[in-house]
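Participant: Give me a model of this one.
(2 chains)
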There are 2 protein chains.
Amino acid sequence: MAEHIVKFDIAPNPVSMPTGTLVSEAAEKAGIEINQPCGGQGRCGRCAVVVTEGDANIRRRSTLRLSAEDVEAGYALACQSVIEGDAEITVPPQEKIQRRLTTDRTVGKVAIPAGYDPQRGQTIRRVTVTLSPPSMDDQTDDWSRLQTALRKQAGITQLQASLECMRKIGSVLREGDWKVTATLNAKTWDCPDCPARLLALQPGHLSEDAPLWGAAIDIGTTTVSVWMVDLLTGEVKAQVAEYNQQISRGEDVISRIIVADKEGGSEKMRDLVVDTINDLLVQACKRLKATPDEVVKATIAGNSTMMHLLLGIPAASIRLSPFVTAVNHIPTLDATDVGLAIHPQAIVDCLPGVASYVGADISAGVLSSGMADSEDVVLFLDVGTNGETVLGSKDWLVTCACSAGPAFEGAGVLHGMRATKGAIEEVWVNGETHEPNFRVIGGSKPEGLCGSGLISLLAEMFLTGVVDKGGKVNTKLATSRTRDGEHGGEYVVAWAAESSTGEDIVITNVDIDNLLRAKAAIYAGFAVLAENVGVTLDMAEQVLVGGSFGQYINVEKAIEIGLLPDLPWERFQFLGNTSVQGSYLALIDYEARNRIAEIAARMTYIELSADNKFYDAFISAMFLPHTDMSLFPSVAKVIKEK
Amino acid sequence: MAEHIVKFDIAPNPVSMPTGTLVSEAAEKAGIEINQPCGGQGRCGRCAVVVTEGDANIRRRSTLRLSAEDVEAGYALACQSVIEGDAEITVPPQEKIQRRLTTDRTVGKVAIPAGYDPQRGQTIRRVTVTLSPPSMDDQTDDWSRLQTALRKQAGITQLQASLECMRKIGSVLREGDWKVTATLNAKTWDCPDCPARLLALQPGHLSEDAPLWGAAIDIGTTTVSVWMVDLLTGEVKAQVAEYNQQISRGEDVISRIIVADKEGGSEKMRDLVVDTINDLLVQACKRLKATPDEVVKATIAGNSTMMHLLLGIPAASIRLSPFVTAVNHIPTLDATDVGLAIHPQAIVDCLPGVASYVGADISAGVLSSGMADSEDVVLFLDVGTNGETVLGSKDWLVTCACSAGPAFEGAGVLHGMRATKGAIEEVWVNGETHEPNFRVIGGSKPEGLCGSGLISLLAEMFLTGVVDKGGKVNTKLATSRTRDGEHGGEYVVAWAAESSTGEDIVITNVDIDNLLRAKAAIYAGFAVLAENVGVTLDMAEQVLVGGSFGQYINVEKAIEIGLLPDLPWERFQFLGNTSVQGSYLALIDYEARNRIAEIAARMTYIELSADNKFYDAFISAMFLPHTDMSLFPSVAKVIKEK
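Facilitator: Purely as a prediction, here's the structure:
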């Protein structure tokens, strides 16, 4: 059989392949790992490559996940394209870009924003000054002496300091023999005209390169992330994340508010999240050989409940009609106020939220997503317990939260679990045998199903006829995989012998109903937002998916179950944890901080529980993918092809 | 014998007296108590009255303490003037005016400054607002809702609040059914352009008359004073004072600095003074049926060491050359920072000092004394351990501290004691028998001698020849009162049988030497200040004596020993505790607060320990009254007359 030379842009050497082999096989031979999350069935489109030379020699067996424009531009699905002659192929890096910002499963390099100037953007300044020592002819007090030196040598005209700082000035000045390094915060959003604030004073002249740390923090209901940032450059030097210890007192925000409202509950919830953050700070500092005392600024994003619980502010009104927060724009605090184990006088800036269920995580996310600068209409979705959605552009922004509930985080699902080792994260079901194939996080035996696994499983079951439009398992199929169980109809994803728990891993009708409610709530949120501003969802030129969970969703499968709107796949972008990204931007750039406040003020919040349209839209979305199939033409096409 | 009708202005009825009786006897019969601290010997001049009708009927036996102008104006010494016909007599109220501001022995009514307008002067505002309740159509957060109401209903455009306030807003708004009373501080000296600060929020609309308390505090080395002030009117409603509990750890500032510098010493000293203040606040609140939580502002004056120890700021540099403080202008704090048991968010404003030994007590005292507005040259003296002196006018101010030591507070004197019950506060010695007469505080048996008693005793001993110019007791006198004791020559003021201790109360050569050192230091301070600015002491048109001790000094006796300059008695004014008075003015009036800072900045501090002129002046003043008798003409005259 004839051999053909295939050259990949990112491989050191070309490979020789016989006629009829797949591009994905050639890539493997060339040492390139191309992601094929659907197992090479041509359904996910994640293996798309670009044929740059010899396009006629590459026969596309299926272009289901590609548009005509894509094909015109040379795109081909590696798993569906057959080599019939020499070719040169480019492998797009999108898969890696999408994952680079993750904090919980992978840690990647974060780019400093283009054109960023720490001198202009950073509010923290560190300066070295030399004071004239006091004498019998000059008995000026230490604090005035320091202020004079800072004014003359660093141009700092007005300066304030805490009592704690005042207590240290005398000894630091003398220990440094009247040479000192002062770290100060030049301004805060809530008092831009206030004097600069002295945060720390160290004896001697520190090297200009000595690290100056900041922490960008995101408090998720599930996961807390901390990025350690070199404030001198804006560079992210470490990223750590772990589960929010509050989980032990409640999976979702509502149950946590209830706990916090009980005697001693507020202090307990506060301690749990403060401990989580402090543990992460210690971890990050250890990794960087830094001491927590060197961290002089922190920005914190999180949903409104997380912010209230962090600060010990009663959150009960968030849960009760008419659902209001105590405070959206939290004043600038210091580390001692919040309980963070960093420099006691470190500036702690809690970012502003919009409403009870659209918090600072979304304001920050909208900033970091760039949608607030977009000429086009953009749909932004933070996939998680709360299902916050923003629709808009640079000219307008509407937002809602659809309380999807934690089904996609594994709660309310018999064998649901979080996305940790042992979770099935993707499933493929054979259309004929109805036998499943799955991938497990960490590669071990499966223990249960995480969110992305559930979406994937539900889509596959639907497309292969294991469940009907209404989400009921067809127990009449000629397979032992479907059966009547304790919870009604169910499908066995893994047999007891294969599982780490020693019992069958199943999905039941009840589980599916919970998942349908969650996805219907999210989709109904999109629909109501669009209807409220008089646009249709297909007018969204971009769908930006945030949330660390969001980035593991298989778009096609999410569309197939009707969770995401049926739009061309290239419009979707997975941005990872947009909240911590926004927190990071606010940490390094005063203007970005102000833009988040401006975005929060600009967003029009639509309360879904007060909107009848939401209930109608929710009921319509309680099917796979939707009662109105005209909204899901690509899914209709797939079903028809089968 | 002929009877004459004598009418006193302040007595309800005239009295009839025979020829030859004294005016003081007539006054007594009329029910008027005329102070005669020298026991009616015509030496102190404190019993001066004015003959308004029938001047020719009153024969003045002595006018030693009166000037020609005084006599021209009708003045006569009640104890030295004989009734020879009808007369009408006015009793000047000066003795009572001088004492009305005392806090430790008497409590008097303090006048609100003329023209004072609380609306303009007071930074604390209390306003009532009614909020529109939240609804599904208006889900504004509580804090923004409150800010809007305060802006629209009270014109407060910018507002900040502490985290502690944020925690309470939600429940207070709901408890008050969206009617609340907000207490806020409009501005602080260290950030006049900063947003107003919310201090307290109470449910419902408080009556406009409901009390709003402030505390004017003075921390003396010996005595701590607290004045409780109705901030709505500026009225002083209670005055309490007690010994600074730090006394148990050291009599003077130097020994306290040494204690504070030891391990745990700073915390200990801080606790002692904070406890003292808090005890006083509780006492004052109890008296006013107020709760400490209703006190929302405090101003604090005190010498630099007291301020540093209060705030836990290391004070060691105050004691060591070149004698500098850590901070003179302390930033605005809150009650939690300082540890005061008042409203946790109460504003605490520590007034500014000038130097290590010229503190906020002096800046505040200069303000309250009015000397900074004087066209004439004024000498201001805070008699106490530190002997701070200010010389100047509205155009210039120079100041020094002469570390007189605590001799006049009874320390370093064998039978010295503080001015409490049992202390001999005034002494008269018979010029022939050398037998003493004395007055005891509380009227009981004597226990020892307090400052005013020591001054009085020393002057009497000098004028009656019991001690010589050099301060040595003449043990050759024909009296058992003088003798050689353990400490050299001594004079017995009270025999064991008369004393409460059952032992002789004596003053020894060593005691006298210590007193001479103290008075010489103070007088040398005056001399150096005057010399430095090129004036002579007799150019001082007023001598203002502050300090709660100062007001018990007998001017004439103080001049006789050379403690005070020899100036006409009418130039002397006793102002009581000028420090707490200044603290009070700063509490009620923002402009007064700023003037204290301006005064502190304007005072030129002269460091005596670096000034050779001081040593010379000190040595010259180590005699009774001074080596240069031309400086003490009135004393020379008295001696010559004897």
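Participant: all strands for the stretch 201-350 of chain A, in order.
Facilitator: Assigned by DSSP state E, counting those that start in this stretch, the stretch 201-350 of chain A shows strands spanning A:213-219, A:223-230, A:235-243, A:295-302, A:333-334, A:347-350.
Participant: Show the low-confidence segments of chain A, by residue range.
Facilitator: Along chain A, segments meeting pLDDT under 70 span A:1, A:35-41, A:43-44, A:65, A:93-109, A:548-550.
Participant: Identify the residues contacting the residue of the stretch 501-642 of chain A found nearest chain B.
Facilitator: Going by C-beta to the nearest C-beta, chain B is nearest to A:Ala610 of the stretch 501-642 of chain A, at 4.3 Å. Any C-beta I mention is one placed from the backbone N, CA and C, and that applies to glycine too. If you count contacts by C-beta atoms under 8 Å, 6 or more residues apart in numbering or on different chains, A:Ala610 has them with B:Met136, B:Asp137.
Participant: what's around A:Asp293, how many residues?
Facilitator: Using other C-beta atoms under 10 Å in any protein chain shown, A:Asp293 has 15 neighbouring residues.
Participant: need the residues of the stretch 151-300 of chain A near chain B, please.
Facilitator: A:160-163, A:166-167, A:169-171, A:174, A:190-191, A:193-195 (C-beta under 8 Å from any C-beta of the partner chain).
Participant: now for those, which pair is the farthest apart?
Facilitator: A:Arg174 and A:Asp190 (35.1 Å; C-beta to C-beta).
Participant: How much space separates the residue nearest the centre of chain A from A:Tyr584?
Facilitator: When C-alpha atoms, centre = their mean is applied to chain A, the residue found nearest the centroid is A:Asn577 (1.9 Å). The gap separating A:Asn577 from A:Tyr584 is 10 Å, by C-beta to C-beta, to the nearest Å.
Participant: Equivalent analysis for A:Asp137, please.
Facilitator: 50 Å.
Participant: same deal with A:Val82?
Facilitator: For A:Val82, the distance to A:Tyr584 - C-beta to C-beta - is 45 Å.
Participant: and the residue nearest to the centre of chain A, backbone torsions?
Facilitator: phi -80, psi 90 (degrees, to the nearest 10).
Participant: Surely it and A:Gly546 touch.
Facilitator: Yes: the pair A:Asn577 / A:Gly546 is scored as a contact, 7.0 Å apart, by C-beta atoms under 8 Å.
Participant: Which parts of the stretch 301-450 of chain A are helices?
Facilitator: A:304-311, A:316-319, A:335-338, A:360-369 (DSSP state H, counting those that start in this stretch).
Participant: want to try CSV for these, with mean neighbour count and distance to chain B as columns?
Facilitator: Formatted as CSV, those follow (neighbours: other C-beta atoms under 10 Å in any protein chain shown; distance: least, C-beta to the nearest C-beta, whole Å):
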stretch, mean neighbour count, distance to chain B
helix A:304-311, 28, 6
helix A:316-319, 20, 6
helix A:335-338, 19, 5
helix A:360-369, 31, 12
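Participant: Make JSON lines out of those helices and add distance to B:Gly405.
Facilitator: Shown next, in JSON lines, are those (distance: least, C-beta to C-beta, whole Å):
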{"stretch": "helix A:304-311", "distance to B:Gly405": "52"}
{"stretch": "helix A:316-319", "distance to B:Gly405": "62"}
{"stretch": "helix A:335-338", "distance to B:Gly405": "41"}
{"stretch": "helix A:360-369", "distance to B:Gly405": "61"}
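Participant: Apart from its neighbours in sequence, what residue is nearest A:Leu333?
Facilitator: Of all residues not flanking A:Leu333 in the chain, A:Val348 sits nearest, at 4.5 Å (C-beta to C-beta, 6 or more residues apart in numbering or on different chains).
Participant: residues contacting the one you found?
Facilitator: Per C-beta under 8 Å, 6+ apart, neighbours of A:Val348: A:Lys297, A:Ala298, A:Thr299, A:Ile300, A:Thr332, A:Leu333, A:Asp334, A:Ala335, A:Asp337, A:Val338, A:Leu340.
Participant: what do you get if the cut-off is 10 Å, keeping everything else the same?
Facilitator: Residues near A:Val348 by C-beta atoms under 10 Å, 6 or more residues apart in numbering or on different chains: A:215, A:217, A:297-300, A:310-311, A:330, A:332-340, A:342, B:163.
Participant: thinking again about what came up before, my guess is the residue nearest to the centre of chain A meets A:Thr223, correct?
Facilitator: Yes: counting by C-beta atoms under 10 Å, A:Asn577 touches A:Thr223, with 8.2 Å between them.
Participant: And A:Glu432, how far from A:Ala478?
Facilitator: From A:Glu432 to A:Ala478 the distance is 10 Å (C-beta to C-beta).
Participant: Check A:Arg167 too.
Facilitator: Where A:Ala478 is concerned, A:Arg167 sits at a distance of 80 Å (C-beta to C-beta).
Participant: Same question for A:Gly448.
Facilitator: 27 Å.
Participant: So these two - more neighbours on which side?
Facilitator: Between A:Gly448 and A:Ala478, A:Gly448 has the larger neighbour count (other C-beta under 10 Å), namely 24 against 7.
Participant: if I pick the closest residue to the more buried one other than its chain neighbours, what's in contact with it?
Facilitator: In space, A:Gly448 comes closest to A:Met417 once its chain neighbours are excluded; the distance is 3.7 Å by C-beta to C-beta, 6+ apart. Shown in contact with A:Met417 (C-beta under 10 Å, 6+ apart): A:409-411, A:423-424, A:441, A:446-451, A:453-454, A:505.
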